[in-house]
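Enquirer: structure for the following, please:
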Amino acid sequence: MQAPRLVATDVDGTLLGDDERVSPRAGAVIGRLVAAGIGFVLVTGRPPRWIPPVVQQLGVARLAVCANGAVLYDAVADEVLSARTLPPETLADLAEAATSALPGCGLAVERVGLGAFDDAAAQFVAEPDYQHAWPNPDNTSVPRAELLARPAVKMLIRAPDMTSDAMVAALQPLVGDAVDLTFSHPRGLVEVSPAGVTKATGLAEVAERLGVAAPDVIAFGDMPNDLEMLRWAGHGVAMGNAHPALIDVADEVTAANVDDGLALVLERWF
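Expert: Numbering: from 1, shown residues only. Next up, the predicted model:
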């Protein structure tokens with residue numbers, strides 16, 4: 001591959017180490033490529049409100065594709081530029097399918113405001129018995145009916161005693177192509193987006209804004225929610241710690257996130 005014109009990277013398990021920090025080596029090469037006029041975008045399952053701590057570490061990032069492609073966020077202006085949502089009727093159908101396929105599962109949804117810190121309404125809403133996959137101080141507990149009452153950019157389905165792969169296998173026959181199922185956590189968490197919305201569609205929107213074609217994009221990822229993005233980009237790179245599904249589709253496998261796998265690839269050009 002020639003030097004890319006746009007670099008896209010997942011955040012957790014890819015850009016960040018296990019300590020949730022950007023390594024000095026990764027930060028340095030990203031700084032050099034941005035200084036050279038190359039586009040750089042974060043593409044993540046995270047909501048906008050979890051983006052500023054990453055941007056602050058880099059000092060050069062601005063755009064972030066959030067919620068697995070459903071939201072485009074400008075972290076400098078704290079502005080949601082676009083959002084695609086699941087309507088209440090689709091959320092209700094998903095809840096019914098999840099209850100049927102995964103008895104006892106818990107539900108939560110991510111909503112979006114005008115910016116990451118829009119306090120007009122709770123952005124993360126979960127059922128009272130929902131078991132978080134990671135610490136989440138943003139949680140607002142509500143009855144299921146209230147959880148399903150407003151559009152959401154993502155539904156989260158939690159079954160801690162299962163693998164995420166097994167959950168997708170159980171849910172897929174019931175939902176078909178009505179929504180997009182994926183996951184970024186291997187132990188009992190499925191993330192549901194509107195039909196046709198993936199990290200690839202979010203990245204394609206950024207590339208179009210910047211006037212960059214897919215062959216000139218390099219993308220890095222580690223989990224199944226990165227699959228479509230790695231397939232879409234001209235050069236898809238799986239981390240050494242990646243889920244086997246990514247290893248199968250990647251153009252290249254680099255070192256693990258904790259071993260500066262992202263920097264090892266980018267240092268060829270920058």
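Enquirer: so who does the residue nearest the centre of the chain touch?
Expert: When CA atoms, centre = their mean is applied to the chain, the residue found nearest the centroid is Gly45 (2.0 Å). With contact taken as CB atoms under 8 Å, 6 or more residues apart in numbering, Gly45 is in contact with 12, 66-68, 154, 184, 191, 225. C-beta: built from backbone N, CA, C; applies to glycine.
Enquirer: now the two most distant members of those.
Expert: With CB to CB as the measure, no two of these lie farther apart than Asp12 and Lys154, at 15.2 Å.
Enquirer: if we can go back for a sec, which members of the contacts of Gly45 occur in strands, if any?
Expert: Counting by DSSP state E, these place 66, 154, 191 in strands.
Enquirer: ok, the closest residue to the second one other than its chain neighbours to Gln57 distance?
Expert: This means Lys154. Spatial nearest neighbour of Lys154, chain neighbours left out: Glu110 (4.3 Å); criterion: CB to CB, 6 or more residues apart in numbering. Plainly put, Glu110 is 23 Å away from Gln57 if you go by CB to CB, to the nearest Å.
Enquirer: quick check: next helix or strand after the helix or strand hosting Glu96?
Expert: For Glu96, the host element (DSSP states H and E) is helix 88-101. Following helix 88-101 in sequence order, the next helix or strand is strand 106-110 (DSSP H and E).
Enquirer: roughly how far apart are the nearest residue to Thr99 once chain neighbours are set aside and Arg150?
Expert: Using CB to CB, 6+ apart and skipping residues adjacent in sequence, the residue nearest Thr99 is Cys105, 7.0 Å away. Distance from Cys105 to Arg150, counting by CB to CB: 20 Å.
Enquirer: what about the two, which has more around it?
Expert: Shown here are Cys105 and Arg150; by other CB atoms under 10 Å, Cys105 has more neighbours (24 against 16).
Enquirer: spit out the contact partners of the more buried one.
Expert: Applying CB under 8 Å, 6+ apart, the residues contacting Cys105 are 98-99, 157-159.
Enquirer: name the nearest of those residues relative to Ala233.
Expert: Ile157 (28.0 Å).
Enquirer: these two touch, right, that closest one and Leu189?
Expert: Yes: counting by CB atoms under 8 Å, Ile157 does reach Leu189; the two are 7.3 Å apart.
Enquirer: now for these two: what residues contact both?
Expert: Joint contacts of Ile157 and Leu189 (CB under 8 Å, 6+ apart) are Met167.
Enquirer: neighbour count for the two, which is higher?
Expert: Ile157 (27 against 24).
Enquirer: only the buried subset of the contacts of Gly45, as a PyMOL command please.
Expert: Per 16 or more other CB atoms under 10 Å, the buried members of the contacts of Gly45 correspond to this PyMOL selection:
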select buried, resi 12+66+67+68+154+184+191+225
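Enquirer: returning to what we had before: got the angle between the helix holding Glu96 and strand 106-110?
Expert: Per axes from the mean of the first three to the mean of the last three CA atoms, to 10 degrees, the angle that helix 88-101 makes with strand 106-110 is 150 degrees.
Enquirer: and helix 88-101, what does it pack against?
Expert: strand 106-110, strand 154-158, helix 164-175 (3 or more CB pairs under 8 Å, 6 or more residues apart in numbering; DSSP states H and E).
Enquirer: and the angle from that helix to strand 154-158?
Expert: 10 degrees.
Enquirer: can you give me the distance of Ser184 to Leu94?
Expert: From Ser184 to Leu94 the distance is 18 Å (CB to CB).
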